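[1] any chance you can model this:
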Amino acid sequence: MEISAHIRSGLDVHELIVSTDGASRPLVISARPSGRGSAVNGGELLMAALATCYCNDLYREASRLGVPIAGCKVRVQGHFNGVGLAAQSVTYSAVVESSAPAVEVEALLSETDRLAEIHNTLRRGCAVERVAWHGPAA
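    Numbering: from 1, shown residues only. All right, here's what the predicted structure looks like:
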């Protein structure tokens, strides 16, 4: 599965397109008041990615394990101590609304923690490399 994101930003335009295996869709994020860059920063998007991953994976794993879910809440926070510095710590918590026994809900939370792909990417580290741009400049 290939997942990508493409931003086009300038004084008159701010577009973000996300894609999974070629299925693209816009993700609406406002431009900064200056018109240069996103109103949301990368750290916020990283925390949103972690929260979204865990939320979606809770539903996926609940279905696989047969645990009913009426809803969930996920909160993620990270600490960045300066420009160019990696996050020092990232924590998250989740609560699931379910009619299942507490032991099954806890097993679901643990199994989802074990399998959440974005969480595992950060936990294990992943090479990030700048490569040459291929395609039109604008």
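
[2] give the contact list for residue 109.
    Contacts for residue 109 (C-beta atoms under 8 Å, 6 or more residues apart in numbering) come out as 58, 94, 96. C-beta: built from backbone N, CA, C; applies to glycine.

[3] and the host helix or strand of residue 17, average pLDDT?
    Following DSSP states H and E, one finds residue 17 within strand 13-20. Strand 13-20 shows a mean pLDDT of 94 in the predicted model.

[4] number of nearby residues for the closest residue to residue 104 other than its chain neighbours?
    Nearest non-adjacent residue to residue 104, counting by C-beta to C-beta, 6 or more residues apart in numbering: residue 67, 5.4 Å away. Using other C-beta atoms under 10 Å, residue 67 has 20 neighbouring residues.

[5] does residue 67 touch residue 108 like I think?
    Yes. Between residue 67 and residue 108 there is a contact under C-beta atoms under 8 Å: 4.8 Å.

[6] touching both of those two, which residues are there?
    61, 98, 100.

[7] now the first one: how far from residue 1?
    In this structure, residue 61 lies at 17 Å from residue 1, with C-beta to C-beta, to the nearest Å as the measure.

[8] list the buried residues in the strand holding residue 17.
    14, 16 (16 or more other C-beta atoms under 10 Å).

[9] do stretch 51-58 as well
    In stretch 51-58, counting by 16+ other C-beta under 10 Å, buried: 51, 53-58.

[10] give me the mean pLDDT for it.
    On average, stretch 51-58 scores 98.

[11] out of the contacts of residue 109, who's nearest residue 21?
    residue 58 (22.4 Å; C-beta to C-beta).
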